[in-house]
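Student: Quick one: sequence plus predicted model below, questions after.
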Amino acid sequence: MNKYDNPRDYILYLLGRKDYSKGELLNKAKLKNYDETETQKAITEFIEKKYIDDDRYCENLIYQFSGQKGPNWIKQKLAQKRLPREIIEKYINQINSKPDDSIKQKAMQKYKIKNFNEVDYPTKAKVIAFISRLGYPNSFQIYETWEKESSNSG
């Protein structure tokens, strides 16, 4: 038996804790075996009251991860949050495809790099894989930029 008698109360409880996408809420209510019609009615009510706003939720997630994660990683995270593809495509262009300097510093610290021009091939491959795992589609170009910056400063 569910703690909440109806999906409206359950969804309101969830929204009181944090933001969710419409898709996430539908899925959570379905997992609790709430009536789909009642769930849809509650979600429609909360959308009208602006308690649920997929556009706002998408923008907030992009802002949260920008600079630390790449566009591919963020796009995958947005899809996991069950945001509609149209909304993801609408906001995905806001993501900076270049990592901020903290990513470069993390790579230098993790792989003990002083100058990117003096890195052996296995370490270079690891750094490129590191950049790629963060969701940046152009990891080779990013590494080459870091090499050029190292030769200009050194």
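Tutor: Arrived safely, thanks for sending. Numbers count the residues shown, from 1 in each chain.

Student: So which residues of this protein form helices?
Tutor: With helices called from DSSP state H, the chain shows them at 7-17, 22-31, 36-48, 54-65, 71-80, 85-91, 101-110, 121-133, 139-153.

Student: isn't Tyr57 right up against Ser21?
Tutor: Yes - if you go by C-beta atoms under 8 Å, Tyr57 and Ser21 touch, sitting 5.4 Å apart. No exception for glycine: its C-beta is placed from N, CA and C like everyone else's.

Student: okay, and the common contacts of those two?
Tutor: Listed contacts common to Tyr57 and Ser21 are Lys81, Leu83; contacts here mean C-beta atoms under 8 Å, 6 or more residues apart in numbering.

Student: The helices of the chain into TSV, with extra columns for mean neighbour count and mean pLDDT?
Tutor: Converted to TSV, the helices of the chain look like this (neighbours: other C-beta atoms under 10 Å; pLDDT from 0 to 100):
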stretch	mean neighbour count	mean pLDDT
helix 7-17	16	96
helix 22-31	17	96
helix 36-48	15	97
helix 54-65	16	95
helix 71-80	18	95
helix 85-91	14	94
helix 101-110	14	93
helix 121-133	15	95
helix 139-153	15	90
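
Student: Spit out the contact partners of the residue nearest to the spatial centre of the chain.
Tutor: Compute the mean C-alpha point of the chain, and by C-alpha atoms, centre = their mean the closest residue is Ile74, 3.2 Å away. Taking C-beta under 8 Å, 6+ apart as the criterion, Ile74 is in contact with Leu61, Ile62, Phe65, Ser66, Ile92, Ile95, Gly135.

Student: Relative to Gly67, how far out is the residue lying closest to the fifth one once chain neighbours are set aside?
Tutor: The shortest distance from Ile92 to any non-neighbouring residue, by C-beta to C-beta, 6 or more residues apart in numbering, is to Lys75 (5.6 Å). Per C-beta to C-beta, to the nearest Å, Lys75 is found 15 Å from Gly67.

Student: From Ser97, how far off is the residue nearest to Ala129 when sequence neighbours are not counted?
Tutor: Taking C-beta to C-beta, 6+ apart as the measure, Ala129 lies nearest to Ser139, with 7.6 Å between them; neighbours along the chain are not counted. Ser139 sits 11 Å away from Ser97, taking C-beta to C-beta as the criterion.
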